[in-house]
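>>> Sequence and predicted structure below; questions after.
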Amino acid sequence: MKPAHQIIDTILLTEKGTVLSDSLNQYSFRVHPDANKVEIKHAVEFLFKVKVTQVRTMNRIGKKKRQRRAIAGTTSAWKKAVVTLAPDDKIDLT
């Protein structure tokens, strides 16, 4: 099992993410592509000292990009995790 700080890359602060955190107590994270749901759950519980009830993951495919050439490249693919916390737990984002 990888260390917790290697599993969780960043917390995603987006408009949709703040609405989810306010209404449904769900938080979005950018995680290591090889991490599974159990590892993500343990990492969030260890780093933020909260109780996780559900973890949903999705693989985000890299987008095609061009820079004034005929040959197109792609941005990196990454993995996103949406974590639902217990009703009495919160993560302070400030």
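Looks like it arrived, so ask away.
>>> the helices in this protein, which residues?
4-7, 15-23, 37-48 (DSSP state H).
>>> From Arg66, how far off is the residue nearest in space to the middle of the chain?
In the chain, the residue lying closest to the centroid (C-alpha atoms, centre = their mean) is Phe29, at 1.8 Å. In this view, Phe29 and Arg66 are 30 Å apart by C-beta to C-beta, to the nearest Å. Where C-beta positions appear, they are placed from N, C-alpha and C, glycine not excepted.
>>> Just confirm the residue nearest to the centre of the chain contacts Thr14, I think it does.
No - applying C-beta atoms under 8 Å, one finds Phe29 not in contact with Thr14, separated by 11.7 Å.
>>> can you count the residues close to His42?
15 (other C-beta atoms under 10 Å).
>>> And the pLDDT at Lys65?
On pLDDT, Lys65 comes in at 89.
>>> How about Thr75, nearest residue that isn't a chain neighbour?
Gly62 (4.3 Å; C-beta to C-beta, 6 or more residues apart in numbering).
>>> so that neighbour touches Ser76, yeah?
Yes - taking C-beta under 8 Å as the definition, Gly62 is a contact partner of Ser76 at 5.3 Å.
>>> Run through this structure and note the low-pLDDT ranges.
Of all residues in the chain, none has pLDDT under 70.
>>> need the strands for it, in chain order.
8-11, 26-31, 52-60, 64-65, 73-74, 78-85 (DSSP state E).
>>> Paired strands for the first one, with orientation please.
I take that to be strand 8-11. strand 26-31 (antiparallel) (DSSP bridges).
>>> That'll do, ta.
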